[in-house]
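Peer 1: okay, here's the prediction I keep looking at, along with the sequence it came from:
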Amino acid sequence: MKAIIDRDECTGCEECVEVCPVGAIEMEDDVAVVGDDCDLCGMCVDECPVEAITMPRKEVAEEAVFSDYRGVWVFCEQVAGEIARVGFELLGAGRSLADKLGQNLTAVLLGHGLKDEAQRLFSFGADEVIYVDHPALSHFNDESYSKVLINLIKERKPDIILAGASSIGRSFIPRVAAGVQTGLTADCTELDIGDEDRLLYQTRPAFGGNVMATILCPHTRPQMATVRSRVMKPLAPDESRQGQVEVVNPDETWLESRVEVVEVVRETKETANLADAEVIVTGGRGLGTPDKFEMLEELASLLGGAVGASRAAVDAGWMPYAHQVGQTGKTVSPKLYIALGVSGAIQHLVGMQSSDNILAINKDPDAPIFNVATIGVVEDLFDVVPALIEKIKAEKRG
Amino acid sequence: MKIAVFIKQVPDTKSVQLDPETHTLKREGVESIINPFDMYAIEAGLMLKDRYGGETTVITMGPPQAEEALRQALGMGIDHAVLLSDKAFAGADTWATSLTLANAVEKFGGFDILVCGKQASDGDTAQVGPEMACHLDVPYATFVSKIVDVADGRITVHRLMDFGYEVLRLPCPGLITVVKEVGDPRLPSLRGKMRAKKAEIPVLGAADLGLEPGMVGLNGSYTEVVKVFTPERSGKKETVSGTAEEIAARLYELIKGMKIKGI
Ligand SMILES: Cc1cc2nc3c(=O)[nH]c(=O)nc-3n(C[C@H](O)[C@H](O)[C@H](O)COP(=O)(O)OP(=O)(O)OC[C@H]3O[C@@H](n4cnc5c(N)ncnc54)[C@H](O)[C@@H]3O)c2cc1C
Ligand SMILES: Nc1ncnc2c1ncn2[C@@H]1O[C@H](COP(=O)(O)O)[C@@H](O)[C@H]1O
C-alpha cells in the first residue's frame, strides 16, 4: 500500500519528491509516481500544493459500535506517594474532552496510603476517583500496574485513557494497550474531540518535531494516548468539587510480577528532572570545562528549572547522560529552553525545537541554534550569564 | 545464550535540513542509517555475547534496502540477520509492527534475551519493544542504561527514570530496550565486513510468518494518521545586544513575560 497520487491534479512541481523521507517518490513524464518504499508517513500529503495526494484508508469489514464504551480516564502517576504534576495537567485536558463528549472524567490512582491525595483529584476536575490501594502498588512496577489497569478497563470500558508521557507512562502504557488490544499514540501535544465523528484527535510531533501528525484510533476502544508534561494546563483547584473516592482492593493475581524492583535510586538534585521542568538551562561544548556547569545550576535553580547538556558535554564527561537532550538523549519542550555554548546540531535541535521559548547565547552568529532561537544573543556566554544571574538575584532581593 | 536484536532503518536526520524561514523540511538526497538507539541495542547484544557466549541475530522489518542496515550489524559482529519484508507491511503502526516482529521471534524461537532500542528517531514512539513483549508474554525493562549481569536465568539491569534509576531483575526470556549509556557501539571489523558482504540474509513475508494480510501493515493497525503538517513556529524572534548588563536586563524582562513560576 502506498500514497495515492491523482495524476490529473499533479502539476509536476516535485515538492513531494523533496519531502519524502524514504525517497519513494520519483517523476515520470512530469507526474509524481510513488514506489514500493512508501511507508505511508503522510508527509507528501501535507506538502502537495494542489492536494493531489491522499493516503489509502484501512479496509474495515464493518464499522463496530462502541456505545458501551463511555468516560474519559486519566491515569495519575505518583512517585513516593506524591501525585506527579502531569496527572493534574491531564485532568485539565480530560475535563474539556469529557465535557465535549458529555461524559464523566475519572481519575485513576494506584498506590498505598494515599486516600487524602486521591481526594484532592476531585478539586482538579475529576467526577470520579478510582483508587487502587495495596502496599505492592506503592512503587511503580510495569507488570502489576499494567495488570491492574487492564483489568479495570475490561471491567468498566472507558472510551478514552490518558497518561503522562513520563518514564512511567511510556514504559507500561504500551503493555496496557497491547493487553486490551487497542491503538496507542505516544507523546501527544494536542488533544481534541472531532465535531462529527466524536473521536479523539491526537496530535504529536514526528521526525524530531519537524512535522506534526494527527492520529485517530477509529476501530478499537479505548482510545489511548500518552501526553507530554507541561503542555496541558491544570485547572485551578476548586475545593467545592468533592466526591467519594472509590477504593478498589486489587485481586492478588493482578499484583503478581515477573519483574523484581531490586532498588530505587533517586537523583537527589532538583535540577535533574528534565521531563517535568518548566525551564531547562543547557550547556554545550562552549562551556569549556566541567566546573562551569555550576554556573548553569545556579541559573537553573534561580529559574526553578533543570540542567540539560549537549551530547558533546556528556561525551566529555561533564554531565551524566540523564541530562542529555537530543536524538540520543531526551526530547523536551519546556516553556523556556536556554542554550549556552551549544552550536545547535540537527541531532540536538530535534530534542528541543518544540520548546515554547528558546534563548540561545553563542559567540558564533552563524551557529544553527539561532535558526530555532526566539531570543538570540551573539556574545560570550561568560559575560552574559553572570550578569543575568546577578540581575535575577537583585530582582529577587527586590 | 540466544540473543535477538531489533533494528530499524531510518532517514538520517543529517540529510534533513530545516529551512530557517519556513521551517519546512528540505532534503538533499535521502540517506538511511540504523536508528541511533538501535546501534546501542546492537552493542548490548554483542556485549552479552562477549560475556556469556552464544549467538546473536539481528531482525528488522522494512523495505528490501533495509538489508544494508542488517549487513552493517553483521559487520559489527552479529552472527545472523533476518529481513522481514513484504508490501503488505507498509503503513504498520506500533501494534502491527510489534505483532509482526513477535511472530518472527516465535518462528525462529528459543531466544533468551530480546534487545530493542529505546525508540526510533522517525516516530519516536518507544512502543514497539514493550508491545512486542506483551505479544510474546515475556517481561521487559525499558530505558536500560546498564546490564549488570545475567545469572541463574535472570537478567539484572539499571533502568533510567525521570527521578533517577531503578535496579530491575527479570527472568529470561525477557526483553530490554536500551539507551546510549549501555555502551558505545563498536566499529565494524575488517573480518566482520567481509563476512557481512557474503552473508545470506533470509527474507520473510507475511505468509512465511503465518500472518493474514489483515493483521499486518496499515490493515493490521489500530491507529490511523489522518493529517501531517508542519508545526507553526512563533514567528517572533528577537536579537538582544548591548553591554552585558543591558542584555541581562532585557533578558530578565523577556523571561518575566513568560510567566515562569520561579520568577
Ligand atoms: C547519531 C548521532 C546522535 C546524536 N545525538 C545527539 C544528542 O542526542 N544530543 C546532542 O546534543 N547531540 C547529539 N549528537 C551530536 C551533535 O551532532 C553535535 O556534535 C553536538 O550536539 C555538539 O554539541 P555542542 O553544541 O555542545 O558542541 P559544539 O558543536 O562544539 O558547539 C559549541 C558552541 O559553543 C560556542 N561557544 C564556544 N565558546 C563560547 C562562549 N564563551 N560563549 C558563547 N558561545 C561559545 C561555539 O560558537 C559553538 O557554536 C549526535 C550525533 C550523532 C551522529
Ligand atoms: N520495523 C522495525 N523492525 C525492527 N525493529 C523495530 C522496528 N520498528 C521499531 N523497532 C524496534 O523498536 C524500538 C522502538 O521503536 P519505536 O516504537 O518505533 O520508537 C526500536 O528502537 C527498534 O529496536
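Peer 2: Nice, thanks for sending it over. Ligands and ions are numbered 1, 2, ... in the order given.
Peer 1: tell me the SS of the residue of the stretch 101-250 of chain B found nearest chain A?
Peer 2: Of all residues in the stretch 101-250 of chain B, residue B:222 sits closest to chain A, at 3.1 Å by C-beta to the nearest C-beta. In this view, the C-beta of every residue, glycine as well, is placed from N, C-alpha and C. Under DSSP: H, G, I helix; E, B strand; the rest coil, residue B:222 falls in the coil class.
Peer 1: which residues does it contact?
Peer 2: Applying C-beta atoms under 8 Å, 6 or more residues apart in numbering or on different chains to residue B:222 gives the contacts A:181-184, A:217, A:219-220, B:93, B:95.
Peer 1: hmm, try it at 6 Å
Peer 2: When contacts are counted by C-beta atoms under 6 Å, 6 or more residues apart in numbering or on different chains, residue B:222 is found next to A:182-183, A:217, A:220, B:95.
Peer 1: show the pLDDT at it.
Peer 2: Residue B:222 is assigned a pLDDT of 94 by the prediction.
Peer 1: ok, the closest residue to ligand 1 within the stretch 1-150 of chain B - contacts?
Peer 2: Distances between the stretch 1-150 of chain B and ligand 1 by C-beta to the nearest ligand atom are smallest at residue B:36, namely 4.0 Å. Counting by C-beta under 6 Å, 6+ apart, residue B:36 touches A:327-328.
Peer 1: apply 8 Å and report the result again.
Peer 2: A:327-328, A:347, B:117, B:121.
Peer 1: roughly how far does it sit from residue B:122?
Peer 2: 11 Å (C-beta to C-beta, to the nearest Å).
Peer 1: so the residue of the stretch 101-250 of chain A found nearest ligand 2, which state does it fall into?
Peer 2: Here the stretch 101-250 of chain A gets closest to ligand 2 at one residue, residue A:186, 7.6 Å apart by C-beta to the nearest ligand atom. Look at residue A:186: counting by three-state DSSP, its state is strand.
Peer 1: pretty sure it is touching residue A:170, no?
Peer 2: Yes. Assessed by C-beta atoms under 8 Å, residue A:186 is found in contact with residue A:170 at 6.6 Å.
Peer 1: hmm, back to that, out of the contacts of residue B:36, who has the most neighbours?
Peer 2: With neighbours set by other C-beta atoms under 10 Å in any protein chain shown, the maximum within the contacts of residue B:36 is found at residue B:117, which has 29 neighbours.
Peer 1: so what's that one closest to, chain neighbours aside?
Peer 2: In space, residue B:117 comes closest to residue B:37 once its chain neighbours are excluded; the distance is 3.0 Å by C-beta to C-beta, 6 or more residues apart in numbering or on different chains.
Peer 1: now do residue A:173
Peer 2: For residue A:173, the closest residue by C-beta to C-beta, 6+ apart turns out to be residue A:163, at 5.0 Å.
Peer 1: that neighbour in helix, strand or coil?
Peer 2: Quick answer, by three-state DSSP: residue A:163 is strand.
Peer 1: ok, now how distant is it from residue A:84?
Peer 2: Per C-beta to C-beta, residue A:163 is found 10 Å from residue A:84.
Peer 1: next: residue B:247.
Peer 2: Residue B:247 is 36 Å from residue A:84, by C-beta to C-beta.
Peer 1: ok, residue B:69 touching residue B:31?
Peer 2: No. Using C-beta under 8 Å, residue B:69 is not in contact with residue B:31, being 11.9 Å away.
Peer 1: neighbour-wise, which of these two wins?
Peer 2: Shown here are residue B:69 and residue B:31; by other C-beta under 10 Å, residue B:69 has more neighbours (24 against 13).
Peer 1: in the stretch 101-250 of chain B, what residue is nearest ligand 2?
Peer 2: Residue nearest to ligand 2 within the stretch 101-250 of chain B (C-beta to the nearest ligand atom): residue B:117, separated by 2.6 Å.
Peer 1: okay, and the beta partners of that residue?
Peer 2: Residues in a beta bridge with residue B:117, per DSSP bridges, are residue B:178.
Peer 1: same question for residue A:110.
Peer 2: residue A:132.
Peer 1: measure it to ligand 1 for me?
Peer 2: Per C-beta to the nearest ligand atom, to the nearest Å, residue A:110 is found 32 Å from ligand 1.
Peer 1: any idea how many residues pack against that residue?
Peer 2: Residue A:110, neighbours per other C-beta under 10 Å, totals 26.
Peer 1: look at it and report its pLDDT.
Peer 2: So residue A:110 comes in at 98 (pLDDT).
Peer 1: name all residues that make contact with it.
Peer 2: A:78, A:131-132, A:137, A:145, A:148-149.
Peer 1: of the residues you listed, closest to residue B:261?
Peer 2: For those, the minimum distance to residue B:261 (C-beta to C-beta) is 21.1 Å, reached by residue A:78.
Peer 1: re the thing from before, out of residue A:163 and residue A:84, which sits in the more crowded spot?
Peer 2: Legend: neighbour count by other C-beta under 10 Å for residue A:163 and residue A:84, higher for residue A:163 (26 against 22).
Peer 1: now do the contacts for the more buried one.
Peer 2: Residue A:163 neighbours (C-beta under 8 Å, 6+ apart): A:74-75, A:77, A:90, A:169, A:173, A:224-227.
Peer 1: same thing but 6 Å
Peer 2: A:75, A:169, A:173, A:226.
Peer 1: what segments of the stretch 51-200 of chain B are strands?
Peer 2: B:55-61, B:80-84, B:113-117, B:140-151, B:154-161, B:164-171, B:174-178 (DSSP state E, counting those that start in this stretch).
Peer 1: surely residue B:55 is in contact with residue B:79?
Peer 2: Yes. Applying C-beta atoms under 6 Å as the test, residue B:55 and residue B:79 come out as touching, 5.1 Å apart.
Peer 1: neighbour count: those two, which is higher?
Peer 2: Applying other C-beta under 10 Å to residue B:55 and residue B:79 shows that residue B:79 carries more neighbours, namely 18 against 15.
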